[in-house]
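In: What follows is a predicted protein model with its sequence.
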Amino acid sequence: LWGTILVPGAALRADIEAARRLVQIAAAGAGGRPALGRPERARAVAERLNGEERFVAGLAGARLTAGDDLLITREAGEFRRTGGGVLPLPMGCATVWDGRYELTARREGLSAAPLHGRFSQLQADEKTKLLSIPAPARGALPAILRAGLAPVCPILAGTKRADPDVTVIDLSAHRFRAASGLIAREPESSPIADMAICFQSPY
């Protein structure tokens, strides 16, 4: 959920090389990157995980929060470092935002940007839902900007609105499957094509 990946701690403490590969793949999926992080960096993280240490690290644009399990989220600060900002959303056109979400605008004049720095502008019900999301994941959620109106986060708004301005598909899990070699090509990383099987990872 929320464009994040949660890896059970037990899956990371059996074999260092397997854990290294899993960390690379999960970080690429949650970080929205088209390539895996550096193997030596991922191995260093895997070695720390094997010691059951609690820590925070970065890899491939993702933030790794290690506890009993490993929570991997998009690093909100990465938007500023890579020049990511406001992205126009053409009406009726599916647009991939930050590599993790497919957004389709239902009207003109909309754009997407990181939710970071916009929490106070959300509606009361969205603020309440935001508190149920792990803090590291909040700032990297998509905010839909509308001229003259407060921003809205479609992840928090859910389906309660009869005619939402934007429909959203979380691609993180599908990117994870693609990186793991479970589907043939990245464009097939969609809910419709999850059953496709291949033998070689696109990464």
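Out: That came through fine. Numbers count the residues shown, from 1 in each chain.
In: is it true that residue 157 touches residue 126?
Out: Yes: with contact defined as CB atoms under 8 Å, residue 157 reaches residue 126; the gap is 6.3 Å. In this view, the C-beta of every residue, glycine as well, is placed from N, C-alpha and C.
In: can you give me the helices for the chain?
Out: Taking DSSP state H, the helices of the chain run over residues 16-31, 39-50, 78-81, 124-130, 135-138, 154-157, 172-179.
In: Reformat the ones you listed as a markdown table; add mean neighbour count, distance to residue 57 and mean pLDDT.
Out: Formatted as a markdown table, those follow (neighbours: other CB atoms under 10 Å; distance: least, CB to CB, whole Å; pLDDT from 0 to 100):
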| stretch | mean neighbour count | distance to residue 57 | mean pLDDT |
| --- | --- | --- | --- |
| helix 16-31 | 24 | 9 | 90 |
| helix 39-50 | 17 | 5 | 91 |
| helix 78-81 | 14 | 14 | 66 |
| helix 124-130 | 14 | 24 | 91 |
| helix 135-138 | 18 | 12 | 91 |
| helix 154-157 | 21 | 25 | 84 |
| helix 172-179 | 23 | 19 | 79 |
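In: okay if I get the ones you listed as CSV plus distance to residue 10?
Out: Output for those, formatted as CSV (distance: least, CB to CB, whole Å):
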stretch, distance to residue 10
helix 16-31, 11
helix 39-50, 11
helix 78-81, 29
helix 124-130, 30
helix 135-138, 21
helix 154-157, 29
helix 172-179, 18
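In: Residue 106: which of those is closest?
Out: helix 154-157 (10.8 Å; CB to CB).
In: which intervals of this protein have sub-threshold pLDDT?
Out: 1, 78-84, 158-164, 184-203 (pLDDT under 70).
In: ok, the closest residue to residue 57 other than its chain neighbours - contacts?
Out: Once flanking residues are discounted, residue 57 sits nearest to residue 64: 4.7 Å by CB to CB, 6 or more residues apart in numbering. If you count contacts by CB atoms under 8 Å, 6 or more residues apart in numbering, residue 64 has them with 23, 27, 45, 56, 57, 58, 70, 71, 72.
In: As a check, name the ranges of all strands in the chain.
Out: 5-7, 55-59, 62-66, 70-74, 87-89, 94-97, 101-105, 110-114, 142-146, 149-152, 166-170 (DSSP state E).
In: hey, which of those strands is tucked in deepest?
Out: Using mean count of other CB atoms under 10 Å, the stretch among those with the greatest mean number of neighbours is strand 70-74 (a mean of 26).
In: Tell me what angle that one forms with helix 16-31.
Out: Here the directions of strand 70-74 and helix 16-31 differ by 40 degrees (axes from the mean of the first three to the mean of the last three CA atoms, to 10 degrees).
In: Check which strands are paired with strand 70-74 and give the direction for each one.
Out: Under the criterion DSSP bridges, strand 70-74 sits next to strand 5-7 (antiparallel), strand 62-66 (antiparallel) in its sheet.
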